[in-house]
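# requesting a structural model of the entry that follows:
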Amino acid sequence: MPERDGLAPRMPPLYALRAFEVAARLGSFTAAGQSLCITQSAVSRHVRTLEENLGCQLFERRGSRLSLTDAGRVLAQELKVGFRAIENACIAVSRQEGALRLKAPSTLTMRWLLDVLEAFGREQPQRRVQLTSAWMDLDSVDFHGEPFDCAVLLGNGSFPADWQQLKLFDEWLVPVCAPVLLGERPWDAARLARAELIHPSRDCRDWRRWLERVGLGEAIAWQQGKLFDTLELGISAAAQGHGVSIGDLALVAADLRRGSLALPFDRAVRSGDSYYLVWPARGGRHPVLARLKDYLLAHLPDVRGLGVQLLD
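Numbers count the residues shown, from 1 in each chain. The predicted structure follows:
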């Protein structure tokens, strides 16, 4: 990249950097165009502009297939960090004045927290909560690098020493399926072995935990089945009749009561993890946090009356 009379090199156009970062992350100009609401050809032009500006090739193009060059991989990784920092900065300055900034996992948000926060806002409109729902394979928050005052995380309670925490409720793993798959006869190991397992995580950890605790770890090939990225997707696939997923009893309780999901087995296994509200000790005096803690504890998911045996 040429310098201008001893000045620092000119930055490439931001639109070109963004188009490249999205294309590199999604592995497709077409998918990048859909994500950015522009055409595939526009993404291609932006990437060519960037390559000309930098004086190096970023993608190797083999027909419709794309692969990153060494230079492309380095740039993509750095831009991923850079755009995340820009997004966090925008969130930090655009938030409502005085609002409590809360991060939470996506499935928990959709199946419990969103309703609770909306009710909290109706009852106490002067106390605002700005929610950010994020997909996290392992729940985490960086209070130094992310613009949040608190978070709801699934974990075992071992959090940094400079955090404070409030336990909300335990995670109880239980198999779920569409009612049409339930049948008239009780399920047993043989029937489960014939069923299509649905995994809400790629490491299959939840099915493995449940099967080992109920004594079926050797009887069922738990490594097989459909893999999804989130608990929400696994539950949705099960409700549509695509197999048997493993769910969190508290987060599927409403579906069980409505009849959109059914229990092939009546035993739930404690995973060892729980949902916690966490916040940095230095930020514990936020005026909304104290009221929110009490409100969450008063509106926890109700798992009573579901006829499930809890195996600790």
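# against residue 290, how distant is the spatially closest residue to residue 104 that is not a sequence neighbour?
Nearest non-adjacent residue to residue 104, counting by Cβ to Cβ, 6 or more residues apart in numbering: residue 152, 4.3 Å away. (Glycine included, C-beta is placed from N, CA and C.) Residue 152 sits 16 Å away from residue 290, going by Cβ to Cβ, to the nearest Å.
# those two: who's more crowded?
Taking neighbours as other Cβ atoms under 10 Å, residue 152 and residue 290 compare with residue 152 leading, 22 against 12.
# so, low pLDDT: which residues of the stretch 1-150 of the chain?
Along the stretch 1-150 of the chain, segments meeting pLDDT under 70 span 1-9, 64, 88-97.
# just to be sure, the residue nearest to residue 104 is in a strand?
Yes - looking at residue 152 with DSSP: H, G, I helix; E, B strand; the rest coil, it is inside a strand.
# tell me which residues form a beta bridge with it?
Here residue 152 sits in beta bridges with residue 277, as judged by DSSP bridges.
# tell me the domain boundaries of this protein?
Residue ranges for each domain of the chain read 14-92, 97-169+273-298, 172-271+305-311, as given by automatic domain parsing.
# just checking, residue 69 touches residue 61?
No - counting by Cβ atoms under 8 Å, residue 69 does not reach residue 61; the two are 10.5 Å apart.
# what ranges does the stretch 101-250 of the chain have for its strands?
Counting by DSSP state E, counting those that start in this stretch, the stretch 101-250 of the chain has strands at residues 129-134, 150-155, 163-176, 197-199, 226-227, 244-248.
# list the helices and strands the longest one packs on?
Meaning strand 163-176. Contacts defined by 3 or more Cβ pairs under 8 Å, 6 or more residues apart in numbering; DSSP states H and E place strand 163-176 against helix 205-213, helix 231-239, strand 244-248, helix 249-258, strand 267-280, helix 289-298.
# tell me the most buried of those?
strand 244-248 (a mean of 28; mean count of other Cβ atoms under 10 Å).
# now that strand: how far from the chain's centre is it?
Computed by Cα atoms, centre = their mean, to the nearest Å, the chain-centroid distance of strand 244-248 equals 16 Å.
# residue 16: neighbour count?
Neighbours around residue 16, by other Cβ under 10 Å: 20.
# point me to the helix or strand that includes it.
Per DSSP states H and E: residue 16 is located in helix 14-26.
# now for residue 224: which residues touch it?
Applying Cβ atoms under 8 Å, 6 or more residues apart in numbering to residue 224 gives the contacts residue 197.
# which phi and psi does it have?
The phi and psi values for residue 224, taken as degrees, to the nearest 10, are phi -100, psi 160.
# re the thing from before, confidence score at the residue nearest to residue 104?
Reported pLDDT at residue 152 in the predicted model: 98.
# that one and residue 291, how far apart?
Taking Cβ to Cβ, one finds residue 152 at 16 Å from residue 291.
# try residue 65
For residue 65, the distance to residue 291 equals 54 Å [Cβ to Cβ].
# how many residues are close by the residue nearest to residue 154 when sequence neighbours are not counted?
Setting aside the residues directly before and after it, residue 154 is nearest to residue 139 in space (Cβ to Cβ, 6+ apart), at 4.7 Å. Applying other Cβ under 10 Å, we find 19 residues neighbouring residue 139.
# surely residue 169 touches residue 297?
No - look at residue 169 against residue 297 with Cβ under 8 Å: they stay out of range, at 9.4 Å.
# returning to what we had before: pretty sure the residue nearest to residue 154 contacts residue 156?
No - if you go by Cβ under 8 Å, residue 139 and residue 156 don't touch, sitting 10.9 Å apart.
# list the contacts of stretch 176-184.
By Cβ under 8 Å, 6+ apart, the list of residues contacting stretch 176-184 reads 195, 235, 238-241, 243-247, 252, 255-256, 259-264.
# chain center to it: distance?
Chain-centre distance of stretch 176-184: 27 Å, with Cα atoms, centre = their mean.
# span of it from start to end?
Length of stretch 176-184, first residue to last, Cα to Cα, to the nearest Å: 16 Å.
# got it, and stretch 240-253?
End-to-end for stretch 240-253, by Cα to Cα: 17 Å.
# repeat that for stretch 130-142.
17 Å.
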